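In: How does the following fold in three dimensions:
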Amino acid sequence: MAICLQCPDQDDSLEEDTMIVYSPLTLDKLARQRLLRDEALAISALKDLPNILFPVMFEEAFINGYTKVLTAMIPVWPYPYLSVGRMIENLNLETLKAMLGGLDILIAQKVHSSRCKLREIIWMSEYYDSCGIWARSHEGEGLPVSMTKKKPVRISPACGMKKELKVTTQLELMEGRLDESTTYLLLWAQQRKDSIHLCCRKLKIQGITKDTVKEIFKTVHAHCIQKLIISYVTLKDLAFLNPYLRQMNNLLYLTLSHITDMLYVNELDISLLSAFHCLQRLCINFVFFMFDKLKEFLRFLKKPLESLSITNCNLSQSDMDCLPNCVNIFELESLKLAKINFPYLLIEPLGYFLEIVRHTLKYLELQSCGIQDFQFSTVLPALSQCSNLRLVRFHDNNFSLLFLKELLCHTAQLSQLKREAYPAPLECYDRGIILSHRLEDFCPELLDILRVNREPKKVTFETIQCSKCGGYYVYNLETQSCLFKK
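Out: Modelled structure (predicted):
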């Protein structure tokens, strides 16, 4: 616990800059807006609209709610893919009905327009550009370079469905309920299951009702799901979900969060992980049954993980000891252990594990664990061998100034580091008071240790949070000063 000198007064530097900068609309945007105000005219103009203008016209109609234009654009869409991308925040029930109405027209047509190439509509924000078209749909279409620039996307397992039209989406079950739009989409897809494949790539479950889950999986094929987030459920709920989970053999990312029920822990069937043949990333947060279960949890994995994150969990010494022996994490690229009570654990096994993954590990986060000098010193030799590290975060641990200098001597050898976060040394606190001036005095010397071997990119030194206001001080390499943040 610590308090800062900002309490109870507010720092003037925290005042928001309320100045708004206005940019004039371009002529082409003004022309599109004027055309769309007359929806009948806009619809009649679609037959002569160049392909290159379809994405921007769609975006304008989508954001501003010109539903009749959206319906008319679907049956003549000149690209194989149509994604709402970041515009998904504007996807309301009326917009959804308009686009599904366009698909109904396309389905009903015995002879499709020669212009229409649409095969898939995507209602997901991830991995897509802001134009409303998936990057790969631009290939060979003569679109500007700015619209065709590809983003790095992993090749995902195919869901195996071969229907002519596909609707790819993400579903959220919040507090055991579906929103109005999702309910409508599921009913629509169920009624058209012979001609439409509803492909759910991301499923978020926050609390469940059994009837709703059953309704979802009447329409959604479990093997299509690649990202699954389960939170605020009991172990009994997990047992109910088990048959569906075992069908998710294309799952790439799994998050389990806020599963705190301990009454039925002995009935937990961890072997369900063996069904996840493609799992790449595992995130565990606020899961009480993890204590003494890590080895058992990881041994059921079918292939090596790329990313492992464990936060807000209690781990035992046997959990730490198992790390160097879990072969399914020997190719790890990202390891995050945060808000775990380390002061009572021996962490030498973590050092042995870092030696094993020294050639693959790129991201290492050990934050808010209360790690002390004598504990982390056993990890330093292995840390300096992780030559491919791009990011390290060690803030909110109990390091003295002397030890912090020793740590920096090791990370100074890591030439690939792009981002580094370290804790403010213990000398920056005096009887529970955060002394920001000491942090500002220490940091130039600490940075010089890094500069002996390389030029640091982004480095921060952070104090713990003030117990009163939640603020903290950060010494920032860019500004070379100590800033108060909330």
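
In: who does whichever strand or helix holds H197 pair up with?
Out: In this structure, H197 sits in strand 196-206 according to DSSP states H and E. Using DSSP bridges, the strands paired with strand 196-206 in its sheet are strand 165-174 (parallel), strand 227-231 (parallel).

In: can you give me the strands in the stretch 51-200 of the chain?
Out: Assigned by DSSP state E, counting those that start in this stretch, the strands in the stretch 51-200 of the chain fall at 81-83, 120-123, 165-174, 196-206.

In: no wait, the stretch 301-450 of the chain
Out: In the stretch 301-450 of the chain, the segments counted as strands under DSSP E, counting those that start in this stretch are 307-311, 334-338, 363-367, 391-393, 419-423, 429-430, 433-434.

In: residues near E89, how many?
Out: A total of 9 residues lie near E89 under the criterion other C-beta atoms under 10 Å. Using the backbone N, CA and C atoms, a C-beta is placed for each residue, glycine as well.

In: buried set for the strand holding H197?
Out: Across strand 196-206, burial judged by 16 or more other C-beta atoms under 10 Å covers I196, H197, L198, C199, C200, R201, K202, L203, I205, Q206.

In: ok, now stretch 371-379?
Out: I371, Q372, D373, Q375, F376, V379.

In: Please tell me I have it right and the first one contacts Y344.
Out: No: using C-beta atoms under 8 Å, I371 is not in contact with Y344, being 11.3 Å away.

In: so how far is K193 from I449?
Out: I449 sits 63 Å away from K193, going by C-beta to C-beta, to the nearest Å.

In: Mind checking which of the two has more residues around it?
Out: Using other C-beta under 10 Å, the more surrounded residue of I449 and K193 is I449, with 18 against 12.

In: what sits against the spatially closest residue to that one that is not a sequence neighbour?
Out: Nearest residue to I449 in three dimensions, chain neighbours excluded: L408, at 4.3 Å (C-beta to C-beta, 6 or more residues apart in numbering). Contact analysis of L408 by C-beta atoms under 8 Å, 6 or more residues apart in numbering lists Y422, L446, I449, L450.

In: Among these, which one lies nearest to K302?
Out: Each of those was checked against K302 using C-beta to C-beta; the closest is Y422, at 37.0 Å.

In: Show me what the closest one is bridged to.
Out: Going by DSSP bridges, Y422 forms beta bridges with F461.

In: Okay, now the unreliable bits of the chain?
Out: Filtered on pLDDT under 70, the chain yields the residue ranges 1, 8-35, 126-163, 262-269.

In: picking that back up, need the strands paired with strand 196-206 in a markdown table with distance to N325, can you?
Out: Listed next are these as a markdown table, based on distance: least, C-beta to C-beta, whole Å:
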| stretch | distance to N325 |
| --- | --- |
| strand 165-174 | 37 |
| strand 227-231 | 27 |
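
In: okay, those in TSV with distance to L361 and mean neighbour count next?
Out: Shown next, in TSV, are the strands paired with strand 196-206 (distance: least, C-beta to C-beta, whole Å; neighbours: other C-beta atoms under 10 Å):
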stretch	distance to L361	mean neighbour count
strand 165-174	30	18
strand 227-231	23	19
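
In: nearest to Q367, of those?
Out: Per C-beta to C-beta, nearest to Q367 of the strands paired with strand 196-206: strand 227-231, 21.2 Å.

In: Run the chain-centre distance for that closest one.
Out: Between the centre of strand 227-231 and the centre of its chain there are 11 Å (C-alpha atoms, centre = their mean, to the nearest Å).

In: Following the chain past it, name the next helix or strand.
Out: Tracing the chain past strand 227-231, the next element assigned as helix or strand by DSSP H and E is helix 235-245.

In: quick one: that next one to strand 227-231, angle?
Out: Counting by axes from the mean of the first three to the mean of the last three C-alpha atoms, to 10 degrees, helix 235-245 points 160 degrees away from the direction of strand 227-231.

In: So which bits of stretch 341-358 are buried?
Out: Neighbour-count burial for stretch 341-358 [16+ other C-beta under 10 Å]: F342, L345, I347, P349, L350, G351, F353, L354, I356, V357, R358.

In: Tell me how far the residue nearest to N398 when sequence neighbours are not counted lies from A424.
Out: Leaving aside its chain neighbours, N398 sits nearest to Q372 (4.9 Å; criterion: C-beta to C-beta, 6+ apart). According to C-beta to C-beta, Q372 and A424 sit 15 Å apart.

In: Same check on L366?
Out: Where A424 is concerned, L366 sits at a distance of 16 Å (C-beta to C-beta).

In: Between these two, which is the more surrounded one?
Out: Between L366 and A424, counted using other C-beta under 10 Å, A424 has the larger neighbour count: 29 against 23.

In: which non-adjacent residue is nearest the more buried one?
Out: Nearest non-adjacent residue to A424 (C-beta to C-beta, 6+ apart): T463, at 4.3 Å.

In: Now do the helices in the stretch 1-150 of the chain.
Out: 27-37, 39-45, 54-64, 67-73, 93-108, 145-148 (DSSP state H, counting those that start in this stretch).

In: With that, I have no additional questions.
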